[in-house]
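# Output the structure for:
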Amino acid sequence: MVLWTLAAILLIIVFFAVRRLTREELPLRVAQATMQDLITTDSTNGKVEPQHNFEAHAPAPSTVKHLYVRAGEQVPTGKLLLSLDDADALAHSASAVAVLRGAQASYQATEQGGTLEERNSLAGELSKARMDRDQAQHDLDALQKLVGQGAAAPGEVASAQQRLDAANNSISTLEKKQTARYSPAEIAHSRADLEQAQAAYAAASTVVADSNVRAPFPGTVYSLPVSVSEYVHPGDLLLQMADLTKLQVRAYFDEPELGALHVGQPATIIWDALPNRIWHGRILSMPSTIITYTTRNVGEVLLSVDDADGKLLPNTNVKVTVTEQRLERVLTIPREAVHGEGGKDYAYLLHGKVLRRQQVTVGARNLTQVQVLSGLKENDTVALSTTNGEPLAERVPVRIDR
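Coordinates of the predicted model:
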């Protein structure tokens with residue numbers, strides 16, 4: 001049994017030795033470690049929007065009376081763009097003016113203690129009451145002298161005193177009417193009526209103003225979804241305009257990618273409708289929160305469009321590529337040459353006609369290249385893959401497949 005076991009082991013050893021010596025060399029794709037600039041980028045989708053956008057909406061139910069521009073037309077500041085039928089708006093404005101004038105007069109009368117007629121009447125009553133008081137005082141003084149001479153009865157003096165007291169009470173009442181005719185609650189109610197009338201007039205005036213749309217700044221009318229004689233509901237969009245030379249892009253970067261981004265990084269913008277054009281910009285602001293966009297958790301990154309020329313349109317979907325890092329003259333190899341195992345990276349280094357596994361330390365990377373910090377030197381040849389699908393392994397005979 002021992003001899004048979006030794007013989008079997010010997011046959012196995014001989015078999016593998018012969019196989020190793022006679023097996024076919026693996027055809028190999030290789031690359032060299034080279035010194036070059038390494039640029040790392042991150043791409044995503046985004047949407048173009050104006051930096052300053054103007055939208056006109058119908059302020060009330062109406063019909064489109066006139067259109068003075070066409071979609072795509074450039075307009076100066078103040079140009080009349082569109083008008084609605086404003087007959088009802090003017091009627092409501094006139095009614096609001098009448099109500100406002102009445103509320104102003106009522107509040108003024110409340111503050112001043114009554115209308116002019118009421119104040120004049122009150123002044124007359126107060127003047128007469130003072131004259132009556134003076135006469136009552138004169139009569140009382142005369143009767144008091146006569147009583148001392150025995151020419152008048154004490155009852156007459158008491159009656160004269162009563163007339164004087166009544167006159168003084170009347171004067172006090174009229175003076176209070178003159179200075180504080182209305183209570184604080186009545187004044188507050190009158191003020192509230194005035195404020196309500198002012199708000200109604202402002203709203204009516206806004207409807208009249210918004211029925212005639214003018215350009216608030218020079219720009220391009222890029223959306224005009226209505227036509228003449230079309231009926232519009234309150235809030236319906238009438239037109240949109242913007243300065244198309246001042247645009248920005250709202251880009252949607254996945255949450256894990258945000259850590260490599262910061263304000264000021266350069267970016268390129270591509271629109272599929274004009275594939276031969278590239279626009280350039282920079283990150284203006286980073287997101288303050290994470291949102292759900294379709295099925296992704298993203299942050300909204302705002303980018304400038306530094307060379308907008310009117311060709312890039314608002315609301316278009318674009319591809320945004322941000323340059324995260326630019327390393328000059330670093331040692332690089334293709335990404336597919338790097339393998340990982342046990343938390344460490346390695347590459348297969350070509351030694352003569354066999355491969356040797358070499359541990360490497362990698363740094364920055366982009367879609368195709370990886371920076372090598374240690375483990376390789378310039379012009380070292382590393383294996384990428386075999387052309388016949390066989391796996392790479394150490395000390396396997398190989399040949400470079402040209």
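
# Could you chop this structure up by domain?
Using automatic domain parsing, the domain parsing of the chain gives 24-38+328-400, 42-52+243-326, 57-82+211-241, 92-205.

# tell me the contacts of the residue lying closest to Leu244 once chain neighbours are set aside?
Using CB to CB, 6 or more residues apart in numbering and skipping residues adjacent in sequence, the residue nearest Leu244 is Gly310, 4.5 Å away. Glycine gets a C-beta too; all of them are placed from N, C-alpha and C. Applying CB atoms under 8 Å, 6 or more residues apart in numbering, we find Gly310 in contact with Thr220, Leu244, Thr245.

# Adding neighbour count and distance to Val360, write those out as JSON lines.
As requested, the contacts of Gly310 are exported to JSON lines (neighbours: other CB atoms under 10 Å; distance: CB to CB, whole Å):
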{"residue": "Thr220", "neighbour count": "22", "distance to Val360": "55"}
{"residue": "Leu244", "neighbour count": "21", "distance to Val360": "50"}
{"residue": "Thr245", "neighbour count": "15", "distance to Val360": "49"}
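
# Can you name the element that comes right after the host helix or strand of Ser43?
For Ser43, the element it lies in under DSSP states H and E is strand 34-50. Moving toward the C-terminus from strand 34-50, the next helix or strand (DSSP H and E) is strand 53-57.

# could you measure Ala109 against Glu195, distance?
Going from Ala109 to Glu195 by CB to CB, to the nearest Å gives 16 Å.

# before we move on, back to that, mind listing which of the contacts of Gly310 are in strands?
Thr220 (DSSP state E).

# circling back to that earlier point, mind putting the domains of the chain in TSV, mean pLDDT and distance to Ala8 included?
Output for the domains of the chain, formatted as TSV (pLDDT from 0 to 100; distance: least, CB to CB, whole Å):
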stretch	mean pLDDT	distance to Ala8
domain 24-38+328-400	91	25
domain 42-52+243-326	94	55
domain 57-82+211-241	94	85
domain 92-205	77	103
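
# Serialize the ones you listed to CSV and add fields for distance to Ala7.
Output for those, formatted as CSV (distance: least, CB to CB, whole Å):
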stretch, distance to Ala7
domain 24-38+328-400, 28
domain 42-52+243-326, 60
domain 57-82+211-241, 89
domain 92-205, 108
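
# who wins for proximity to Ile13 among these?
Smallest distance to Ile13 across the domains of the chain (CB to CB): 16.8 Å, for domain 24-38+328-400.

# Report the secondary structure state of the residue lying closest to Thr268 once chain neighbours are set aside.
Spatial nearest neighbour of Thr268, chain neighbours left out: Thr321 (4.9 Å); criterion: CB to CB, 6+ apart. Secondary structure, DSSP: H, G, I helix; E, B strand; the rest coil: Thr321 is strand.

# in the sheet, who's paired with Thr321?
Taking DSSP bridges as the rule, Thr321 bridges to Ser43, Thr268.

# So what's the residue count around it?
16 (other CB atoms under 10 Å).

# Pull up the gap between it and Leu258, please.
16 Å.

# got it, and Glu328?
Distance, Glu328 to Leu258, by CB to CB: 26 Å.

# Comparing these two, which residue is more hemmed in?
Leu258 (16 against 9).

# Could you check which helix or strand contains the nearest residue to the more buried one once chain neighbours are set aside?
Nearest residue to Leu258, sequence neighbours excluded (CB to CB, 6+ apart): Gly299, at 4.9 Å. Taking DSSP H and E as the criterion, Gly299 maps to strand 296-304.

# Outside of that strand itself, list whatever touches it.
Under the criterion CB under 8 Å, 6+ apart, residues 44, 46, 248-255, 258, 261, 267, 269, 281-287, 289-292, 320, 322 lie in contact with strand 296-304.

# returning to what we had before: does the residue nearest to Thr268 really touch Ala267, like I thought?
Yes: taking CB atoms under 8 Å as the definition, Thr321 is a contact partner of Ala267 at 6.3 Å.

# hmm, back to that, in the strand holding Ser43, what's buried?
For strand 34-50, burial by neighbour count (16 or more other CB atoms under 10 Å) applies to Leu38, Thr40, Thr41, Asp42, Ser43, Thr44, Asn45, Gly46, Lys47, Val48, Glu49, Pro50.

# Export these as TSV, with columns for distance to Ala142.
Shown next, in TSV, are these (distance: CB to CB, whole Å):
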residue	distance to Ala142
Leu38	120
Thr40	114
Thr41	113
Asp42	109
Ser43	111
Thr44	106
Asn45	106
Gly46	102
Lys47	99
Val48	100
Glu49	94
Pro50	92
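
# Understood, closing this out.
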